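*Asks:* model the structure of this input:
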Amino acid sequence: MNKLLFIAAVMAVVAGAPQGKKESETAAAPEIVVVSQADVRNLDGSSQWSYTQSDGATREESQVQKKFQTVSTDAYGKQTVNDVIGNTNAGSSFWISPEGQRIYLTWVADEGGFQPKGDHLPVAPVHVYTLPVAPALPYQRTGLGY
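*Replies:* Numbering: from 1, shown residues only. Predicted coordinates:
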């Protein structure tokens, strides 16, 4: 019994020992630095900014203030149109995935919501079908007096 316990303890220590290469033996990833950047803020509230990294990744974004109209409905069903000021954003990003795939993403965020576009994004399937319709039955009057 003691031998079995000793063997189990030794196996646990061996299984818990670090595996693989030491940190000093692994190649360090190259340092990624920002090679260019721009940031412009305008008096009208609009702005543009961008940056490029040494690994080729880029990002650009611009925003503009815009007047929107919203419709609110009170508890009695009366609708009121309100003017509000909001931002519209548009931008793009580019990077290379760990698998080597070039990924290009563009987006717009406005009164229609956030709308990203890119070949790597999943697309919902389109189902084309007709809904079943119940058969029309002949109408027959029934009840008192008939």
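*Asks:* strands of this structure, start to end?
*Replies:* For the chain, the strands defined by DSSP state E occupy 34-41, 47-53, 58-73, 79-96, 102-110, 113-117.
*Asks:* residue 135 is nearest to which of those?
*Replies:* Among the strands of the chain, strand 58-73 comes nearest to residue 135, with 39.4 Å by C-beta to C-beta. Using the backbone N, CA and C atoms, a C-beta is placed for each residue, glycine as well.
*Asks:* buried stuff in the closest one?
*Replies:* 59-61, 63-64 (16 or more other C-beta atoms under 10 Å).
*Asks:* for stretch 102-120, same thing?
*Replies:* 105, 109.
*Asks:* centre of the chain versus that stretch, how much separation?
*Replies:* In terms of C-alpha atoms, centre = their mean, to the nearest Å, the centre of stretch 102-120 is set 9 Å apart from its chain centre.
*Asks:* ok, stretch 66-86 next?
*Replies:* 28 Å.
*Asks:* what about that stretch, start to end distance?
*Replies:* 5 Å (C-alpha to C-alpha, to the nearest Å).
*Asks:* again with stretch 120-138
*Replies:* 54 Å.
*Asks:* contacts for it, please.
*Replies:* 101, 103, 105 (C-beta atoms under 8 Å, 6 or more residues apart in numbering).
*Asks:* can you pull the contacts of the first one?
*Replies:* In this case it means residue 101. residue 120.
*Asks:* confidence score at it?
*Replies:* Residue 101 carries a pLDDT value of 89.
*Asks:* you'd agree residue 102 is up against residue 118?
*Replies:* No. Residue 102 lies out of contact with residue 118 (C-beta atoms under 8 Å); the separation is 10.6 Å.
*Asks:* on that earlier part again, export the strands of the chain as a markdown table, with columns for distance to residue 144.
*Replies:* A markdown table is the format used below for the strands of the chain (distance: least, C-beta to C-beta, whole Å):
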| stretch | distance to residue 144 |
| --- | --- |
| strand 34-41 | 80 |
| strand 47-53 | 77 |
| strand 58-73 | 45 |
| strand 79-96 | 46 |
| strand 102-110 | 62 |
| strand 113-117 | 57 |
